[in-house]
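In: Please work out how this folds:
(2 chains)
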Amino acid sequence: DTGVSQDPRHKITKRGQNVTFRCDPISEHNRLYWYRQTLGQGPEFLTYFQNEAQLEKSRLLSDRFSAERPKGSFSTLEIQRTEQGDSAMYLCASSSSLGGAREPYEQYFGPGTRLTVT
Amino acid sequence: KQEVTQIPAALSVPEGENLVLNCSFTDSAIYNLQWFRQDPGKGLTSLLLIQSSQREQTSGRLNASLDKSSGRSTLYIAASQPGDSATYLCAVRFSQAGTALIFGKGTTLSVSS
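Out: You can find the predicted model right below:
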């Protein structure tokens, strides 16, 4: 169990550019979540996958945001035409809903990707 | 609207003191509640998870309690140490169907030596 990993850890981009982040969940976890956290706030839910299916999306996830989990393993979050308001920490988490999990649905978070839009 | 509130926003204590962090939530029909620790600029570390059927959970110097009827949870930290300095976040999953965790804004703890 190597934990949830995210890449890159930091990204600086100019307004209007597209960016893509990657998340690798804990290997046996079938659920994957994306959250966004701005300074001084708690994380806010963006979207959730069970296996490869995207089952829930927050209204925070505008048309410029898209997330995929093509083979039910890693996930990518893309932001198109970035705006300064997109500057935040993007956090990925995973959990297991399968039988035998020590604490079903306990979410484990990665280190995050900090995005700065200039 | 389902909301999670944490008070105080910041807390400073001397080393060795026992302390309590508070979390309140608006809907008593919760599925579970998690306490997390976040160091500056870092991700979240899960500390304790309490299922809706449980009253408390303990891990080392940490004890979390849950009172659904009053919509409250507390995180008790015994014999605080400078290494406990961090932001502590409370997060609630309000239903089995909904998967999102709803977070409070956190309590930033500073323990001085």
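
In: Which single residue of chain A ends up nearest chain B?
Out: residue A:42 (3.0 Å; Cβ to the nearest Cβ). Just so you know, the C-beta spots here come from the backbone N, C-alpha and C atoms, and that holds for glycine as well.

In: Count the residues that sit near the residue in chain B positioned nearest to chain A.
Out: Nearest to chain A in chain B, going by Cβ to the nearest Cβ, is residue B:103, at a distance of 3.0 Å. Neighbour count for residue B:103, taken as other Cβ atoms under 10 Å in any protein chain shown: 23.

In: Spit out the contact partners of the nearest residue to it once chain neighbours are set aside.
Out: In this structure, residue B:103 finds its nearest non-sequential neighbour in residue A:42, 3.0 Å apart by Cβ to Cβ, 6 or more residues apart in numbering or on different chains. The neighbourhood of residue A:42, defined by Cβ atoms under 8 Å, 6 or more residues apart in numbering or on different chains, consists of B:4, B:89, B:91, B:103-106.

In: So residue A:42, which state does it fall into?
Out: Here residue A:42 takes the coil state, with states given by DSSP: H, G, I helix; E, B strand; the rest coil.

In: Strands of chain A, start to end?
Out: A:5-7, A:10-13, A:19-24, A:31-37, A:44-50, A:53-57, A:65-68, A:75-79, A:88-95, A:108-109, A:113-117 (DSSP state E).

In: okay if I get those as CSV plus distance to chain B?
Out: CSV is the format used below for the strands of chain A (distance: least, Cβ to the nearest Cβ, whole Å):
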stretch, distance to chain B
strand A:5-7, 8
strand A:10-13, 10
strand A:19-24, 11
strand A:31-37, 7
strand A:44-50, 4
strand A:53-57, 6
strand A:65-68, 14
strand A:75-79, 14
strand A:88-95, 6
strand A:108-109, 4
strand A:113-117, 7
